[in-house]
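K.L.:
Sequence first, then the predicted structure:
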Amino acid sequence: MTDTLTLTSPAKLNLFLHINGRRADGYHNLQTLFQLLDTGDQLTFRARQDDTITIAPDLPGVAPTENLIYRAAIALQANMEARGLPKMGADIHLDKRLPMGGGIGGGSSNAATTLIGLNHLWRAGSSRKALMEIGRTLGADVPVFVQGQSAWAEGIGEQLTPMLLPEKWFLVLCPDCHVSTREVFCHKDLTRDTRPIKVAAFSQGGSQNDCQSLVRSLYKEVDKALIWLKKFSNHARMTGTGACVFAAFDSAAKAEQVFAQRPAGMTGFIGRGINKAPYYNLIPD
């Protein structure tokens with residue numbers, strides 16, 4: 001078995017996001033549909049002879065010990081120690097391709113990919129379920145990436161049902177702003193009383209992103225991106241708490257055609273929707 005492993009850390013889109021209520025602990029009950037994409041960051045793991053964890057390069061504005069990649073590695077080390085396994089180390093290199101604060105799961109995906117990559121590299125033997133439990137301590141969106149499948153989610157996002165979604169090509173625009181998830185979920189004007197729906201209702205167009213109107217009012221860059229994208233798709237919407245917005249197309253060619261017309265200075269990417277993450281088969285069930 002090799003001592004080096006390179007994995008794609010996939011992006012995700014929330015095809016819709018309903019906030020069904022606020023819990024006593026401050027978290028929100030929600031419904032969403034996670035769509036994984038074939039586009040993402042790239043992580044390379046190299047096993048060390050000691051138990052040191054290094055990550056390069058540093059992320060701007062993020063303390064090294066607060067980096068979710070580091071926290072995931074430390075959490076897996078602790079889990080291994082608790083099971084009587086030797087503590088191991090790794091040098092981790094992040095090729096950051098996804099924008100931070102965009103609502104496309106970059107940090108959560110990095111954490112999940114780290115758990116999966118190091119579990120494999122260190123021969124830790126943790127199951128998918130065990131890694132999802134570790135992931136839950138790192139963030140609400142980490143478990144879906146560990147599960148490695150597009151999924152319908154409920155609760156605070158931890159109740160996951162894998163979904164087989166039709167293949168679409170997604171044009172994702174990345175407005176030049178960083179939306180604070182905490183700010184959005186704490187805002188007094190956030191809609192928190194949407195009634196739960198069934199999968200059939202989503203399929204029939206009965207869904208929205210409950211954060212979208214609030215974020216559009218707070219961040220004009222998001223509003224401008226959506227106004228432009230809606231010229232090409234009536235179903236264009238924001239993902240998660242933003243800032244990224246997206247539209248689905250039936251072919252890569254159509255998505256590329258629209259993307260080529262984007263206004264000067266507007267960045268983004270095109271990704272193919274996938275039902276399983278590239279690392280899915282690395283995780284023992």
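P.N.:
All right, it came through fine.

K.L.:
going forward, measure contacts between C-alpha atoms and count neighbours the same way
P.N.:
Will do.

K.L.:
ok, which stretches of the stretch 1-150 of the chain are strands?
P.N.:
Secondary structure of the stretch 1-150 of the chain (DSSP state E, counting those that start in this stretch): strands at 4-22, 28-47, 53-56, 90-95.

K.L.:
Go ahead and produce CSV holding the CA coordinates of the longest one.
P.N.:
Coordinates of the C-alpha atoms in strand 28-47 are reproduced here as CSV (Å, rounded to 0.1, in the frame of the first residue of the first chain):
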residue,chain,number,x,y,z
HIS,A,28,-32.4,24.9,13.1
ASN,A,29,-34.4,22.0,11.8
LEU,A,30,-34.2,21.9,8.1
GLN,A,31,-34.7,20.1,4.9
THR,A,32,-32.3,20.1,2.0
LEU,A,33,-31.1,18.1,-1.0
PHE,A,34,-27.4,17.8,-1.3
GLN,A,35,-26.1,17.4,-4.8
LEU,A,36,-22.4,16.4,-5.1
LEU,A,37,-20.3,17.7,-7.9
ASP,A,38,-17.3,16.3,-9.7
THR,A,39,-15.4,19.6,-9.1
GLY,A,40,-13.6,20.4,-6.0
ASP,A,41,-10.4,21.0,-4.1
GLN,A,42,-7.6,18.5,-4.2
LEU,A,43,-5.9,17.0,-1.1
THR,A,44,-2.6,15.1,-1.0
PHE,A,45,-1.7,13.0,2.0
ARG,A,46,1.8,11.7,2.8
ALA,A,47,2.3,9.4,5.8
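
K.L.:
and it, what other elements does it pack with?
P.N.:
Counting contacts by 3 or more Cα pairs under 8 Å, 6 or more residues apart in numbering; DSSP states H and E, strand 28-47 packs against strand 4-22, strand 90-95, helix 106-121, strand 151-154, strand 267-274.

K.L.:
before we move on, the earlier item: nearest to residue 205, of the strands of the stretch 1-150 of the chain?
P.N.:
Closest approach to residue 205 among the strands of the stretch 1-150 of the chain (Cα to Cα): strand 4-22, 10.0 Å.

K.L.:
on that earlier part again, dump the strands of the stretch 1-150 of the chain to CSV, plus mean pLDDT and distance to residue 269.
P.N.:
Formatted as CSV, those follow (pLDDT from 0 to 100; distance: least, Cα to Cα, whole Å):
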stretch, mean pLDDT, distance to residue 269
strand 4-22, 97, 11
strand 28-47, 97, 8
strand 53-56, 97, 24
strand 90-95, 98, 16
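
K.L.:
Make JSON lines out of those and add distance to residue 115.
P.N.:
Shown next, in JSON lines, are the strands of the stretch 1-150 of the chain (distance: least, Cα to Cα, whole Å):
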{"stretch": "strand 4-22", "distance to residue 115": "11"}
{"stretch": "strand 28-47", "distance to residue 115": "11"}
{"stretch": "strand 53-56", "distance to residue 115": "13"}
{"stretch": "strand 90-95", "distance to residue 115": "12"}
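
K.L.:
Any idea which of the ones you listed gets closest to residue 207?
P.N.:
Comparing those against residue 207 with Cα to Cα, the closest turns out to be strand 4-22 (6.2 Å).

K.L.:
Residue 257 - that's part of a strand, no?
P.N.:
No. Read with DSSP: H, G, I helix; E, B strand; the rest coil, residue 257 is helix and lies in no strand.

K.L.:
and it, how many neighbours does it have?
P.N.:
Neighbouring residues of residue 257 were enumerated by other Cα atoms under 10 Å; the total is 10.

K.L.:
coming back round to it: deepest in the core, which of the helices and strands packed on strand 28-47 is it.
P.N.:
Of the helices and strands packed on strand 28-47, the one with the most neighbours on average (mean count of other Cα atoms under 10 Å) is helix 106-121, at a mean of 26.
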